[in-house]
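>>> 3D, please:
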Amino acid sequence: MHVVAALAAILALAWLGRVTAKALRQPEVIGEIVAGLFAGPVVVALFGDGTLGDLLPQRVLDLLKLIAEAGLALFLIGVAHKLRLGDRRPGRKASGWLAVCAFVPPLLTGGLLVAWIVAQDDPVVRGHAPFPAFLLMVAVAMSITAVPVLARILADHGLLDSLIGRLAMVSAILIDVAGWLLLSVAVGLASGSLAGLLRSTAVLVAGVLGALALRRVLRTPAA
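Down below sits the predicted model:
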């Protein structure tokens, strides 16, 4: 019952954010995200630090996270299925160039941000991560694409099935693939040892092989 009550409150909060964003002529999903970002700090500011923990204990948060991940997976499966249908498919050259032009500039700005942070010589901001991992992490954070958010914006505007919408989604997926690959390298470098890098690489390779195997299984008549 606690999980159901929390889920109802979250859905009501999302509805409020969606209505507010629509009134301001902004994408509805942005209103949902902003409402979610502000909910926690507002509760803490009004009722104190311990209130949020009482409202959402760890066991409830774990179940909510599971529900959210399942919903996200189902939404992305629906988006991917829609992108596979129809004749309006963007060309590989156009998708590739758009992905590169949307990924590389913010990646470089991340490098410039790292240079500025290092020049400040503030250990609180810089932290203690190895420099290659720190550089790669910030660069990827500046350039990653929120594919589910983009898909929701396109869907809310009825553009998901258009040629422009498909081009944007394919490019965003390519950017995400590159970003997550670089992020896995950053996690490996953060360990500060070759063993950590090799371990992250092994996990990445296993994930790719598992995805390819599952893809082959799902394409069989029985599946």
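>>> report the helix or strand with the lowest average pLDDT across the chain.
helix 49-55 (a mean of 78; mean pLDDT, DSSP states H and E).
>>> quick one: it to chain centroid distance?
Computed by CA atoms, centre = their mean, to the nearest Å, the separation of helix 49-55 from the middle of its chain amounts to 27 Å.
>>> ok, and what's touching it?
Contacts made with helix 49-55 from outside it, assessed by CB atoms under 8 Å, 6 or more residues apart in numbering, are listed as Ala6, Gly40, Val43, Val44. (Glycine included, C-beta is placed from N, CA and C.)
>>> could you find the closest non-adjacent residue to the third one?
Read it as Val43. Distance criterion CB to CB, 6 or more residues apart in numbering; nearest residue to Val43, sequence neighbours excluded, is Leu52 at 5.2 Å.
>>> please apply the same query to the second one.
Nearest-residue entry for Gly40: Leu52, 6.0 Å, with adjacent residues in sequence omitted and distances by CB to CB, 6+ apart.
>>> how is this protein carved up into domains?
The chain is divided into the following domains under the TED database: 1-86, 90-222.
>>> any idea how far Leu56 is from the residue most central in space within the chain?
Computing the C-alpha centroid of the chain and ranking residues by CA atoms, centre = their mean puts Ala146 first, at 4.5 Å. Distance from Ala146 to Leu56, counting by CB to CB, to the nearest Å: 23 Å.
>>> again, but for His157
On the measure of CB to CB, His157 and Leu56 end up 33 Å apart.
>>> quick one: which of these two has more around it?
Legend: neighbour count by other CB atoms under 10 Å for His157 and Leu56, higher for Leu56 (18 against 12).
>>> so the more buried one sits against Leu7, correct?
No - judged on CB atoms under 8 Å, Leu56 makes no contact with Leu7 at a distance of 11.0 Å.
>>> okay, and the common contacts of the two?
Residues touching both Leu56 and Leu7 (CB under 8 Å, 6+ apart): Leu64.
>>> how about the secondary structure of the nearest residue to Ala178 once chain neighbours are set aside?
Across the structure, with CB to CB, 6+ apart as the measure, the residue nearest Ala178 apart from its sequence neighbours is Phe103 (6.2 Å). Here Phe103 is helix, with the state taken from DSSP: H, G, I helix; E, B strand; the rest coil.
>>> which stretches of the chain have low pLDDT?
85-88 (pLDDT under 70).
>>> just the helices in it please.
Counting by DSSP state H, the chain forms helices over residues 2-23, 28-47, 49-55, 58-84, 92-120, 123-126, 131-143, 147-156, 163-190, 194-218, given from the N-terminal end onward.
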